[in-house]
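Engineer: 3D model of this:
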Amino acid sequence: MQTGKLSDGTEVQYSELAAGGQIAIPDAEGNYVPAPAGELELEDGRIVVITEPGIIAEIKEAMKQDQSVEEMRAEIATLRNELATRTKDIATLTSAFNAHKAANEAVTLAFKEYLEAVSEAETGEVKKPKQSIFQSQIDKKTAAKAKAQAAFQAFAEKLKNKSK
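Structural biologist: Numbering: from 1, shown residues only. Predicted coordinates for the structure are as follows:
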């Protein structure tokens, strides 16, 4: 068995510092007993993970504290800039989405009007005298169709311009 020290100065004994190794700590009388399940921090900063009493499950490497305050500040500034960029990207995407949504609503409204005009023409629910029934229905249908086509073309043009 080899010996080592924990970060608090307690001496431990272990077969090997690797998964599957055995580790023991002193009890109140100074006798070495299997270490309880949990984590023990060695004096070099490594963490010994124990899942079964006395059996090492894993050794976690020590956290490095190589960064200086200036490096941390630079990293924070970089992250803030990236966050600002992402925020602008989100605003741009939201604006584009809202524009597409408005265009889609206009197309949907025009198409609905077209369908209503076509439906009215097919059901014959017209309150005008018989002589002008067909012409007024044709006019409504033609106007609604032209409006729907214009809305579709405008929408397609917006999509085409956005993809450039």
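
Engineer: Identify the single longest helix in this protein, thanks.
Structural biologist: helix 69-123 (DSSP state H).

Engineer: Quick check: what element follows it along the chain?
Structural biologist: Where DSSP states H and E defines the elements, the next helix or strand beyond helix 69-123 is helix 130-162.

Engineer: which helices and strands does that next one pack with?
Structural biologist: helix 69-123 (3 or more CB pairs under 8 Å, 6 or more residues apart in numbering; DSSP states H and E). (C-beta placed from N, C-alpha, C; glycine too.)

Engineer: Could you name the helices and strands sitting against the helix it packs on?
Structural biologist: helix 130-162.

Engineer: orientation of the helix or strand bottoming out on mean pLDDT in the chain relative to helix 69-123 in degrees?
Structural biologist: One helix or strand of the chain scores below all others by mean pLDDT, DSSP states H and E: helix 130-162, with a mean of 72. Using axes from the mean of the first three to the mean of the last three CA atoms, to 10 degrees, the inter-axis angle of helix 130-162 relative to helix 69-123 is 160 degrees.

Engineer: and stretch 37-46, how far from the chain's centre?
Structural biologist: 35 Å (CA atoms, centre = their mean, to the nearest Å).

Engineer: Show me which positions of stretch 39-53 end up buried.
Structural biologist: 40, 42, 46, 48, 50 (16 or more other CB atoms under 10 Å).

Engineer: From those, which land in strands?
Structural biologist: 40, 48, 50 (DSSP state E).

Engineer: list the contacts for the last one?
Structural biologist: Residues in contact with Ile50 (CB atoms under 8 Å, 6 or more residues apart in numbering) are 23, 35-40, 56-57.
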